[in-house]
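1. quick one, fold the following:
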Amino acid sequence: MRLHIRGKGLPDDAPLELWIIDGKICVEPVVGADTVFDGGWIIPGLVDAHCHVGLGAHGAIELDEAINQAETERDVGALLLRDCGSPTDTRPLDDHADLPRIIRAGRHLARPKRYSPGLAIELDDESQLPQLVAEQARRGDGWVKLVGDWIDRKVGDLAPLWSDDVLKTAIDAAHSHRARVTAHVFGEGALPGLINAGIDCIEHGTGVTDDIIELMVEHGTALVPTLINIENFPGIAASAEKYPTYAAHMRDLHAKCYARMAAARDAGVPVYAGTDAGTIVAHGRIADEVEALKGIGMSPTEALGAASWDARRWLGRTSLDHGASADLLCYNDDPRQGPGVLRSPDLLILRGRLF
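-> Okay, here's the model as predicted:
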């Protein structure tokens, strides 16, 4: 199949003309190519940098359901997914040419009763963490996922799961296997230890303060705030009133979220778009997360880049480069206008195939 598309590229609105042959992008004219899009905007496929294909409300799901999740993401233009932890082995999905590409982080790593039941590998002894991190580094696609904090029922509030020295050894182990490490963190207490240990990314990060932001800038730590999931914090607090300190903490984190995320972005912390789809959040909502990022001070172009070309670069994947896989979206209207346009591409091309 030989295709030809022409329009305006982002982020600079410059004229863009591409040809597609054998599933790859070509910047030189290809004889006999069919023009399938002429005018409008052309962008690399969207990225959901925090979702969970293969994860349901109660843990692992069947592969058929995981395929449905991936199809939902594809249909809204999310053609690259960073799966931030799943108990289901979704590697068979790589054999489906009609599904998004998935970058996996293996299984969540947590302590007993310190995360949602059925989701994580639970370590009785934290000294096991470096070994388990190394195993998950081999199982994943260049990422490992830690649970950095969760409610400690003995304390009645969010608390870190790991000691600082174990974190440093574990993250060093991941890096020695050429894997990056990210962590689920809601509160403030776990962040310094994780960042000083060399963690590469923080998920959610509602506990970032000015001191922590300064630390993230110093270490080059990225942030995926999952803003549309943070909207669930009041409901989480309401269901946990028997732990009043925790409930109040979750409400406070929710109230301060946008100001804290804006401060991180203003300070130069790299921020990327992720929805946390898979449990509370439905799949297919990356356009809503892009819109939410505008609320922390991102311009429409910057917010879209956080879910497209910038996120791809961060994840080490190609965009609209010569020889790259033809994974791209075409819009008759400017996709920066809002979710109504962004979630409905007029032409979707995945691995050179039209959708």
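2. just the strands in the stretch 251-355 of the chain please.
-> With DSSP state E, counting those that start in this stretch, the ranges of strands along the stretch 251-355 of the chain come out as 328-331, 347-350, 353-354.
3. out of those, nearest to residue 256?
-> Nearest to residue 256 among the strands of the stretch 251-355 of the chain is strand 328-331; the distance by C-beta to C-beta comes to 34.3 Å. (Glycine included, C-beta is placed from N, CA and C.)
4. buried residues, that closest one. List them.
-> 328, 329, 330, 331 (16 or more other C-beta atoms under 10 Å).
5. which SS class is the closest residue to the last one other than its chain neighbours?
-> To tie it back to what came earlier, the one meant is residue 331. Nearest residue to residue 331, sequence neighbours excluded (C-beta to C-beta, 6 or more residues apart in numbering): residue 41, at 4.7 Å. Put simply, residue 41 is strand when judged by DSSP: H, G, I helix; E, B strand; the rest coil.
6. check contacts around residue 41.
-> Residues near residue 41 by C-beta atoms under 8 Å, 6 or more residues apart in numbering: 7, 8, 9, 10, 330, 331, 333, 334, 335.
7. so the last one touches residue 342, yeah?
-> Yes. The pair residue 335 and residue 342 qualifies as a contact (C-beta atoms under 8 Å) at a distance of 4.7 Å.
8. pull stretch 286-302 out as PDB, backbone CA atoms only.
-> Backbone C-alpha positions of stretch 286-302 (Å, rounded to 0.1, in the frame of the first residue of the first chain) are rendered in PDB as follows:
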ATOM      1  CA  ILE A 286      -6.400  10.900  26.500                       C
ATOM      2  CA  ALA A 287      -8.000  13.900  24.900                       C
ATOM      3  CA  ASP A 288      -9.500  14.800  28.300                       C
ATOM      4  CA  GLU A 289      -6.100  14.700  29.900                       C
ATOM      5  CA  VAL A 290      -4.700  17.000  27.200                       C
ATOM      6  CA  GLU A 291      -7.400  19.400  28.000                       C
ATOM      7  CA  ALA A 292      -6.700  19.200  31.700                       C
ATOM      8  CA  LEU A 293      -3.000  20.000  31.100                       C
ATOM      9  CA  LYS A 294      -4.100  23.400  29.800                       C
ATOM     10  CA  GLY A 295      -5.300  24.000  33.400                       C
ATOM     11  CA  ILE A 296      -1.800  23.900  34.700                       C
ATOM     12  CA  GLY A 297      -0.600  26.600  32.400                       C
ATOM     13  CA  MET A 298       0.300  24.600  29.300                       C
ATOM     14  CA  SER A 299      -0.500  26.200  25.900                       C
ATOM     15  CA  PRO A 300      -2.700  24.100  23.600                       C
ATOM     16  CA  THR A 301       0.400  23.200  21.600                       C
ATOM     17  CA  GLU A 302       2.400  22.300  24.600                       C
END
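9. residues making contact with it?
-> With C-beta under 8 Å, 6+ apart, stretch 286-302 has contacts from 10-11, 46-48, 73, 76-78, 225-228, 258, 261-262, 265-266, 271, 273-275, 303-304, 306-307, 336-339, 342-343.
10. got a ChimeraX select line for the buried ones in these?
-> The ChimeraX selection below is limited to those of those classed as buried (16+ other C-beta under 10 Å):
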select :10,11,46,47,48,73,76,77,78,225,226,227,228,258,261,265,271,273,274,275,303,304,306,307,336,338,339,342,343
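11. can I assume residue 16 sits in a helix?
-> No. Counting by three-state DSSP, residue 16 is located in no helix; its state is strand.
12. show me the contacts for it.
-> So residue 16 contacts 6, 7, 8, 9, 42, 320 (C-beta under 8 Å, 6+ apart).
13. what strands line up against the helix or strand of the chain with the lowest mean pLDDT, and which way round?
-> The weakest-scoring helix or strand in the chain, judged by mean pLDDT, DSSP states H and E, is strand 59-60 (a mean of 88). Take DSSP bridges as the rule and strand 59-60 pairs in its sheet with strand 55-56 (antiparallel).
14. all set now, cheers.
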